[in-house]
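Participant: Show me the folded form of this:
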Amino acid sequence: MAPTTGGPERYDAIIIGTGQAGKPLSVALADAGWKTVIIERKHVGGTCINVGCTPTKTMVASARVAYLAQRAADYGVHLNGVRVSMAEVRRRKQGIVESFRNGSQRHLQNTKNLELIFGEASFSGPKSVAVRLQGGEPRHLTADTIFINTGGRPEGPPLPGLDSVPVLDSTSIMELDVLPEHLLVLGGGYIGLEFGQMFRRFGSAVTVVQRGKQLLAREDADVAEEVAKILREDGIEVLLETQAVRVAKDGGGTVRLTVSGPAGERTLSGSHLLVAAGRAPNTEALNLTAAGITTDKRGNIPVNERLETNAPGIYALGDVKGGPAFTHISYDDFRIIKTNLLDGGKATAAGRLVPYTVYIDPQLGRVGMTEAEARTQGRRIRIAKMPMSYVARALEMDEPRGFMKAVVDAETGEILGCAVLGVEGGELMSMLSIAMMGRVPYTTLRDAIFAHPTLAESFNNLFDELKD
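Facilitator: Take a look at the predicted model:
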């Protein structure tokens, strides 16, 4: 539809952002007969396809191949050296991103009742949105129902000197076509650890600086300690309880990061600095006050259990509303909206499980309560814990690092949560997540017949290890 010079163009629904909630929602609404418009600032697919899951996990796969090639002799396979080409890794990554992005864009453009607009959207009133198209010309849209799915972006800490040095974030680091000699990573969350281990496997020296007492702050202490042990085994320097003080660049281009830790102040020297210390919501350009939409102090848009903002008829989905920033949660937000608006249901976000996988190697798969959370709540629990070195399949694969841990309700025998730090930890966690959804007691898995030799049969022994 071409821009008009009269009043605002009227739609049944306006969706701002083509992320993992906005894109499928636009198609579902259009298929249901709603006249729908979806607005995208830059690339279809949101964070996941463009700068998140798809490119990072593509590069993680390349790093794992490098790691296995370096370990080939452990399997009796002898190679004549390993060389990593970052330019080729980047091209492979970009090819997959473009394939996914272009497929999603074609789907939107070929959907009846749906219009895709590229431009910058902002509210001009309670039910109206102004769009500055990429060519500069404006469009004015209105709808009774509006959805915000604008996602988030990397955020740097208030560190003196940060503006004076070249800084990488989780997006720009994937565009490197040369290997950092020494990568300094500021932040010990899942983004910092995934990139830190990845570039260590590509051949960089890596130092991770974490101001907290453990990596992965939301995990149990024993899980975080095991992750740190694994990373150190891989040759990564891990500095805990260490605060970044200031950063500068010397005349030769070396980044000098001054930190303060348990042993006092020291200065780290690196060729590159990755800041992986948080993300911020993309709300600053939306002019939310024009629509009467409130935000919290970080700029997130609070919603209720049905994903409604404080403004009638306006919803927020995905990372922009705060909370768990995962693609699968964004997609579940779409399902909640579809169920309620199109299917006559009463879906909510209350009590939903939030599984996730940290794509270090071995993977950390997590779902449900941690042991610390359960004990803080005063729950009567039993803990099942077993090292991966007890798993026959892991030994056969020569991948015995890590452990499995499950939190079980002492009264009902139901599984409350788990952490699987081990080979294919995300897949094993997903099996336990299914058991949790079905409220299957641990005894069913303990006594189940699984094919041998598989990783799944480890559940037989894991749940034999229950302790109070």
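Participant: In the protein, which residue is most central in space?
Facilitator: For the chain, F326 is the residue whose C-alpha lies nearest the centre (Cα atoms, centre = their mean; 4.7 Å).
Participant: wait, that one sits on Y356?
Facilitator: Yes. With contact defined as Cβ atoms under 8 Å, F326 reaches Y356; the gap is 5.5 Å. Where you see a C-beta, it was placed from the backbone N, CA and C, and this is true even at glycine.
Participant: and the gap between the residue nearest to the centre of the chain and L193?
Facilitator: To L193, F326 is 16 Å away according to Cβ to Cβ, to the nearest Å.
Participant: and if you look at L215?
Facilitator: Computed as Cβ to Cβ, the L215 to L193 distance reads 7 Å.
Participant: any common contacting residues for these two?
Facilitator: Common contacts of L215 and L193, defined by Cβ atoms under 8 Å, 6 or more residues apart in numbering, comprise V208, V227, L231.
Participant: you'd agree the first one is up against L231?
Facilitator: Spelled out, it's V208. Yes. Counting by Cβ under 8 Å, V208 does reach L231; the two are 7.1 Å apart.
Participant: any shared contact partners between the two?
Facilitator: Both V208 and L231 are in contact with L193, G196, L215, V238, where contact means Cβ under 8 Å, 6+ apart.
Participant: Tell me which of those residues fall in strands.
Facilitator: Among those, the members falling in strands (DSSP state E) are V238.
Participant: which of the shared contacts of V208 and L231 lies closest to K346?
Facilitator: L193 (39.0 Å; Cβ to Cβ).
Participant: Which residue comes closest to the closest one once chain neighbours are left out?
Facilitator: I360 (5.3 Å; Cβ to Cβ, 6 or more residues apart in numbering).
Participant: With A224 instead?
Facilitator: Once flanking residues are discounted, A224 sits nearest to Q214: 3.8 Å by Cβ to Cβ, 6+ apart.
Participant: and that neighbour, how far is that from I381?
Facilitator: Separation of Q214 from I381 (Cβ to Cβ): 21 Å.
Participant: What pairs with the longest strand along the chain, parallel or antiparallel?
Facilitator: In the chain, assigned by DSSP E, the strand with the most residues is strand 114-125. Strand 114-125 pairs in its sheet with strand 36-40 (parallel), strand 128-133 (antiparallel), by DSSP bridges.
Participant: got the contact list for it?
Facilitator: With Cβ under 8 Å, 6+ apart, strand 114-125 has contacts from 1, 16, 18, 26-27, 29-30, 36-42, 44, 105, 108-109, 129-134, 139-140, 142, 285-288, 290-291, 293.
Participant: Now a ChimeraX select for only the buried ones of those residues.
Facilitator: Applying 16 or more other Cβ atoms under 10 Å to the contacts of strand 114-125, the buried members can be selected in ChimeraX as follows:
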select :16,18,26,27,29,30,36,37,38,39,40,41,44,105,108,129,130,131,139,140,142,286,287,288,291,293
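Participant: So which of the contacts of strand 114-125 sit within strands?
Facilitator: If you go by DSSP E, the contacts of strand 114-125 have 16, 36-40, 129-133, 139-140, 142 in strands.
Participant: returning to what we had before: looking at V208 and L231, which one has more neighbours?
Facilitator: Higher neighbour count among V208 and L231: V208, with 28 against 21, using other Cβ atoms under 10 Å.
Participant: OK, contacts around the nearest residue to that one once chain neighbours are set aside?
Facilitator: Leaving aside its sequence neighbours, V208 sits nearest to V185 (Cβ to Cβ, 6+ apart; 4.6 Å). Contacts for V185 were tallied using Cβ under 8 Å, 6+ apart; they are G192, F195, G196, V206, T207, V208, V209, L274, A276.
Participant: repeat for V208
Facilitator: V208 makes contact with V185, G187, G188, G192, L193, G196, L215, L231, I236, E237, V238, L239, according to Cβ under 8 Å, 6+ apart.
Participant: Can you pull the domain assignment for the chain?
Facilitator: Following automatic domain parsing, the chain resolves into domains at 9-52+90-154+280-341, 162-277, 362-467.
Participant: circling back: who's in contact with the residue nearest to L193?
Facilitator: Neighbouring residues of I360 by Cβ under 8 Å, 6+ apart: Y190, L193, E194, Q197, V227, I230, L231.
Participant: so what's the nearest residue to Q363 once chain neighbours are set aside up against?
Facilitator: Leaving aside its chain neighbours, Q363 sits nearest to G425 (3.7 Å; criterion: Cβ to Cβ, 6+ apart). With contacts defined as Cβ under 8 Å, 6+ apart, G425 is in contact with T357, P362, Q363, L364, G365, G402.
Participant: buried residues in the longest strand of the chain?
Facilitator: By neighbour count with 16+ other Cβ under 10 Å, strand 114-125 contains the buried residues L114, E115, L116, I117, F118, G119, E120, A121, F123, S124.
Participant: quick check: mean pLDDT across that strand?
Facilitator: The pLDDT scores in strand 114-125 average 97.
Participant: Numbering from 56 from now on, please.
Facilitator: Done: numbering now begins at 56, and the last item shifts to strand 169-180.
Participant: Output that strand as PDB - backbone C-alpha positions only.
Facilitator: What follows is strand 169-180 as a C-alpha-only set of coordinates in PDB (Å, rounded to 0.1, in the frame of the first residue of the first chain):
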ATOM      1  CA  LEU A 169      -0.500  -8.600   5.700                       C
ATOM      2  CA  GLU A 170       1.700  -5.700   4.800                       C
ATOM      3  CA  LEU A 171       5.400  -5.500   5.700                       C
ATOM      4  CA  ILE A 172       6.900  -2.000   6.100                       C
ATOM      5  CA  PHE A 173      10.500  -1.100   6.600                       C
ATOM      6  CA  GLY A 174      11.000   2.000   8.700                       C
ATOM      7  CA  GLU A 175      11.300   3.500  12.200                       C
ATOM      8  CA  ALA A 176       8.100   3.400  14.200                       C
ATOM      9  CA  SER A 177       7.000   5.600  17.000                       C
ATOM     10  CA  PHE A 178       3.700   6.300  18.700                       C
ATOM     11  CA  SER A 179       1.900   9.500  17.800                       C
ATOM     12  CA  GLY A 180      -1.100   8.900  20.000                       C
END
